[in-house]
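Visitor: what follows is a predicted structure for the sequence shown.
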Amino acid sequence: PYSNISKDHNPIHTNEYFADYAELPGTITHGMWTSASTRKFVETFAADNHPERVKAYEVEFVGMVLPNDQLETKLSHVGMKEGRKLIKVETFNQHGSKVIEGMAEVEQPITGYTFTGQGSQEPGMGMDLYERSETARQLWDRADRHMRETYGISIIDIVRNNPLERTVYFGGDKGARIRQNYCSLTYETVDAEGETKVLRLFPDIHENTPSFTFKSPNGLLQATQFTQPALMLFELASYADMRAKSLIQKNAPFAGHSLGEYGALSAIGGVLAVEAVVEVCFYRGMTMQRAVERDSQNRSQYSMMAVNPARVGKSFSQEALDFVISSI
């Protein structure tokens, strides 16, 4: 029947006399039938019954299949290629002899890559990947080198140790260059009269300032000017590591929430180099930091809390919420 459907009427597949004349042990099952029956398992198991996800399939016939042979197919996930699973295909007869071997590329379900904003930071984040992934380590080191040379502070140190304070010294030629970088940072604000003014982000740093100390009562990793570049590095390094391992799908949808937009555009869109990302996020964080007045301990009158309606009863009114907030 397969000969009629495939139009392959080679008599070695159907006629015992021709097979004997060709010195074959019997009529040989069509190779394309064996290939198709093997591919069925790729489509069923590797592609989860979605044949359209099998993007490449190539096999080699390494043995003969005779009538009444019992075949066993083995599939092995051996690697990745641009987000596709590389499936090693092997089919054996009842004697354990291999009759087919090959590879298939199977697309995974469409995956969206989402880059989050602030709130998920924690000391040591990304450092396990830093230790075991050369790709991630190179990205972190590039960013850390840029922050040390530009602003005299190590972002890796802040992530690892979450220190309460770190002092930047402006001695020597290198220190003078770093001090000038701080002096050049400005931001716009609107005063009480509604006029726009340009102010320095670091008004306490001038041409003769010997040092500057960053402080945060909860650790510098929780200070937004360091939270933001640290989170972006964590996300960029994770993505770069997955891409280096061919785990990222081509043309996949992606999105970023708030700060995460920088991560999405940089990691997938290639809009900013890692050095630019950490500098922009440091500046963005400092601008946000200056928007609120703080005391000598870097504390403000404001904090943030989440109110979940599902966790309170119907009797919990606006007045009750106001009381809780004022108590906190």
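Guide: Thanks, I have the structure now.
Visitor: quick one, helices of the stretch 151-300 of the chain?
Guide: Applying DSSP state H, counting those that start in this stretch to the stretch 151-300 of the chain gives helices spanning 155-161, 172-183, 224-244, 260-267, 274-290.
Visitor: what's the separation between Glu134 and Gly79?
Guide: According to Cβ to Cβ, to the nearest Å, Glu134 stands 18 Å off from Gly79. Any C-beta I mention is one placed from the backbone N, CA and C, and that applies to glycine too.
Visitor: circling back to that earlier point, looking at the helices of the stretch 151-300 of the chain, which is nearest to Pro67?
Guide: helix 224-244 (47.8 Å; Cβ to Cβ).
Visitor: now the closest one: average pLDDT?
Guide: Here helix 224-244 scores 97 as its mean pLDDT.
Visitor: quick one: distance of that helix to the chain centre.
Guide: 8 Å (Cα atoms, centre = their mean, to the nearest Å).
Visitor: the inter-axis angle of that helix versus helix 274-290?
Guide: 150 degrees (axes from the mean of the first three to the mean of the last three Cα atoms, to 10 degrees).
Visitor: list the buried residues of helix 224-244.
Guide: Buried residues in helix 224-244, counted by 16 or more other Cβ atoms under 10 Å: 224-242.
Visitor: closest to Ile205 out of the helices of the stretch 151-300 of the chain?
Guide: If we rank the helices of the stretch 151-300 of the chain by Cβ to Cβ, the stretch that ends up nearest is helix 172-183, at 4.7 Å.
Visitor: relative to helix 274-290, how tilted is that closest one?
Guide: 60 degrees.
Visitor: so how far is helix 172-183 off the chain centroid?
Guide: Offset of helix 172-183 from its chain centre (Cα atoms, centre = their mean): 35 Å.
Visitor: elements contacting that helix?
Guide: Where contact means 3 or more Cβ pairs under 8 Å, 6 or more residues apart in numbering; DSSP states H and E, helix 172-183 is packed against helix 134-151.
Visitor: residues in contact with the helix it packs on?
Guide: Residues from elsewhere that reach helix 134-151, judged by Cβ atoms under 8 Å, 6 or more residues apart in numbering: 126, 129-131, 153-156, 168, 174, 178, 181-182, 229, 233, 236-238, 240-241, 243-244, 274-275, 277-279, 282.
Visitor: please apply the same query to stretch 197-215.
Guide: Contacts of stretch 197-215 (Cβ under 8 Å, 6+ apart): 153, 164-171, 179, 182-183, 185-191, 220, 223, 225-226, 283, 286-287, 290, 297-298.
Visitor: could you tell me the end-to-end distance of it?
Guide: From its first residue to its last, stretch 197-215 covers 26 Å (Cα to Cα, to the nearest Å).
Visitor: list the buried residues of it.
Guide: So, applying 16+ other Cβ under 10 Å, buried residues of stretch 197-215: Leu201, Phe202, Ile205, Phe212, Phe214, Lys215.
Visitor: what is the mean pLDDT for it?
Guide: 94.
Visitor: ok, now stretch 125-135?
Guide: For stretch 125-135, the per-residue pLDDT averages 97.
Visitor: all further residue positions should be reported with the first residue as 59.
Guide: Sounds good: first residue 59 from here, last item stretch 183-193.
Visitor: can you map out the helices along the stretch 59-208 of the chain?
Guide: 60-64, 74-79, 89-99, 185-190, 192-209.
Visitor: among these, which is nearest Arg111?
Guide: The nearest among the helices of the stretch 59-208 of the chain, by Cβ to Cβ, is helix 89-99 at 12.4 Å.
Visitor: for that closest one, C-alpha coordinates in PDB please.
Guide: Backbone C-alpha positions of helix 89-99 (Å, rounded to 0.1, in the frame of the first residue of the first chain) are rendered in PDB as follows:
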ATOM      1  CA  GLY A  89      13.000   4.200   4.000                       C
ATOM      2  CA  MET A  90      10.600   7.100   3.800                       C
ATOM      3  CA  TRP A  91       8.000   5.000   5.600                       C
ATOM      4  CA  THR A  92      10.400   4.300   8.400                       C
ATOM      5  CA  SER A  93      11.400   8.000   8.500                       C
ATOM      6  CA  ALA A  94       7.700   9.000   8.700                       C
ATOM      7  CA  SER A  95       6.900   6.500  11.400                       C
ATOM      8  CA  THR A  96       9.800   7.800  13.400                       C
ATOM      9  CA  ARG A  97       8.900  11.400  12.900                       C
ATOM     10  CA  LYS A  98       5.400  10.600  14.300                       C
ATOM     11  CA  PHE A  99       7.000  10.100  17.700                       C
END
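Visitor: helices or strands next to it in the packing?
Guide: With 3+ Cβ pairs under 8 Å, 6+ apart as the test, helix 89-99 has helix 60-64, strand 112-119, strand 130-139, strand 142-150, strand 156-165 packed against it.
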